[in-house]
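*Asks:* kindly return the folded structure for what I paste below:
(chains A, B, C and D)
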Number of protein chains: 2
Amino acid sequence: MGEERLFADEVGVVLSGMGMPAAFGKLMGWLLICDPPQQTSTQLAQSLGLSKGSVSTGMRALEQLGMVRRVPARGRGYAYEMLPDALVRTVDARRLYLVIHDVMQKGIEVLGGDESLPRAQRLRVTRDFYAFVAERVPQLIDEFARKEGLSQRRKDG
Amino acid sequence: MGEERLFADEVGVVLSGMGMPAAFGKLMGWLLICDPPQQTSTQLAQSLGLSKGSVSTGMRALEQLGMVRRVPARGRGYAYEMLPDALVRTVDARRLYLVIHDVMQKGIEVLGGDESLPRAQRLRVTRDFYAFVAERVPQLIDEFARKEGLSQRRKDG
DNA sequence: CACAGCGTTCAGAACTTTCTAAACCTTAAT
DNA sequence: ATTAAGGTTTAGAAAGTTCTGAACGCTGTG
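*Replies:* From the prediction side, this is the model:
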């Protein structure tokens, strides 16, 4: 088994340690180093020893996260290709931050809606922090993109 | 069942949706709004309908993450109290970013160690990005802490 | 029109994780 | 020293998730 395959498996273990499916991580690891960068589902299944079903599910997830795109393949169908800034995008999940923001707001309301209440302190700080993060993370990513010369156009949400 | 309990349960659902144990989220939600802020294991188990074991495990995790601290309790033992900036701390998990950084570095080595290789682009960008994030996130947290007037002293690691 | 190649969906098996309950240990008061 | 209260650990049950393999649908080709 090649070193590249071993690398893919290792990414699988790392991601699995973060609470995601192992197949998801394997696919990610493989797409990060494979040659050519474009791979069909069949190729992925064979290269990684995964069932077609696992590949289908995993690639759907990667696509939904915006880490992977489909490109036309020679002949019929399409192939998958990882974007150069795939993992950069995962940090840009503002929705995640806002979920926490909203829960904290709800907590304040449970306490009566008075933010100055001592009991509401923890909730308020947390809420404001996640609003802050949701605002700043995109800026951070832009800064990095500029520094790297990535042509990263940002659509604000 | 009180609204506060419902809020705790809801946080449990949200956290569970992010891949963490539900009991963990329940404890977090409860500690965010409970009165008084100090709670013993027994109180937590009763208030949330959890077994003593679940509380013990969950509180260990919360303590290890630095979100909760023990305070002396009247009489014997201690009580738990959530820190005002508990959730701020969770974002400061630099180790997490560096894990990804290291995996990317390993991938570059699998490819022969030549970063200028086209095939190594994705790996290099990702590696550099996570180094960037690991450097900037602490700054971001400091900025927020200053703005909020939180006495957040930072030890650099 | 029939066929071959691909990809998706779905049901079940295997696995991992979480929760509980009971036994055990520690601490403090009498 | 004994006892009662509280906390931790552990084994086992319960629940949830992921993976696979087979059936299905679609698309283009001969």
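*Asks:* in contact with A:K147, which residues?
*Replies:* B:F132 (CB atoms under 8 Å, 6 or more residues apart in numbering or on different chains). Just so you know, the C-beta spots here come from the backbone N, C-alpha and C atoms, and that holds for glycine as well.
*Asks:* just the buried residues of the helix or strand of chain A with the lowest mean pLDDT, please?
*Replies:* Using mean pLDDT, DSSP states H and E, helix A:86-91 stands out as the lowest-scoring helix or strand of chain A, at a mean of 84. Residues of helix A:86-91 classed as buried by neighbour count (16 or more other CB atoms under 10 Å in any protein chain shown): A:A86, A:L87, A:V88, A:V91.
*Asks:* I'd say the second one and A:V68 touch.
*Replies:* Right, A:L87. No - using CB atoms under 8 Å as the test, A:L87 is too far from A:V68 to be in contact (11.4 Å).
*Asks:* just the buried residues of helix A:86-91 that are near chain B?
*Replies:* Filtering those for proximity to chain B by CB under 8 Å from any CB of the partner chain leaves A:A86, A:L87, A:V88, A:V91.
*Asks:* biggest helix in chain A by residues?
*Replies:* Ranked by number of residues, the top helix in chain A under DSSP state H is helix A:121-148.
*Asks:* now that helix against helix B:121-148, angle please.
*Replies:* With axes from the mean of the first three to the mean of the last three CA atoms, to 10 degrees defining the directions, helix A:121-148 sits at 140 degrees from helix B:121-148.
*Asks:* buried ones in helix A:121-148?
*Replies:* Buried, per 16+ other CB under 10 Å, within helix A:121-148: A:122-134, A:136-137, A:140-141, A:144-145, A:148.
*Asks:* of those, list those near chain B.
*Replies:* Of the buried residues of helix A:121-148, the ones that also sit near chain B (CB under 8 Å from any CB) are A:122-123, A:125-126, A:128-130, A:132-133, A:136, A:140, A:144, A:148.
*Asks:* coming back round to it: neighbouring contacts of the least confident helix or strand of chain A?
*Replies:* Residues contacting helix A:86-91 (CB under 8 Å, 6+ apart): A:28, A:32, A:65-68, A:83, A:137, A:141, A:144-145, A:150, A:152, B:100, B:122, B:125-126, B:129-130, B:133.
*Asks:* how is chain A carved up into domains?
*Replies:* Chain A breaks down into these domains under automatic domain parsing: A:3-83, A:92-148.
*Asks:* B:A61: which of those domains is closest?
*Replies:* B:A61 lies closest, by CB to CB, to one member of the domains of chain A: domain A:3-83, at 13.5 Å.
*Asks:* quick one: average confidence on that closest one?
*Replies:* Across domain A:3-83, pLDDT averages out at 88.
*Asks:* could you check how far that domain is from the centre of its chain?
*Replies:* Relative to its chain's centre, domain A:3-83 lies at 14 Å (CA atoms, centre = their mean, to the nearest Å).
*Asks:* near chain B at all, it?
*Replies:* Yes - Domain A:3-83 lies within reach of chain B by CB under 8 Å from any CB, at A:3-4, A:6-7, A:10-11, A:14, A:18-20, A:29, A:32-33, A:35, A:37, A:82.
*Asks:* looking at these, which one is closest to A:T57?
*Replies:* A:M20 (12.0 Å).
*Asks:* list the contacts of that closest one.
*Replies:* B:G19.
*Asks:* same thing but at 10 Å, please
*Replies:* When contacts are counted by CB atoms under 10 Å, 6 or more residues apart in numbering or on different chains, A:M20 touches A:G12, A:V14, A:M28, A:G58, A:A61, B:G19.
*Asks:* also A:F7?
*Replies:* Taking CB under 10 Å, 6+ apart, we find A:F7 in contact with A:26, A:29-30, A:32-34, B:103, B:106-107, B:109-111, B:123.
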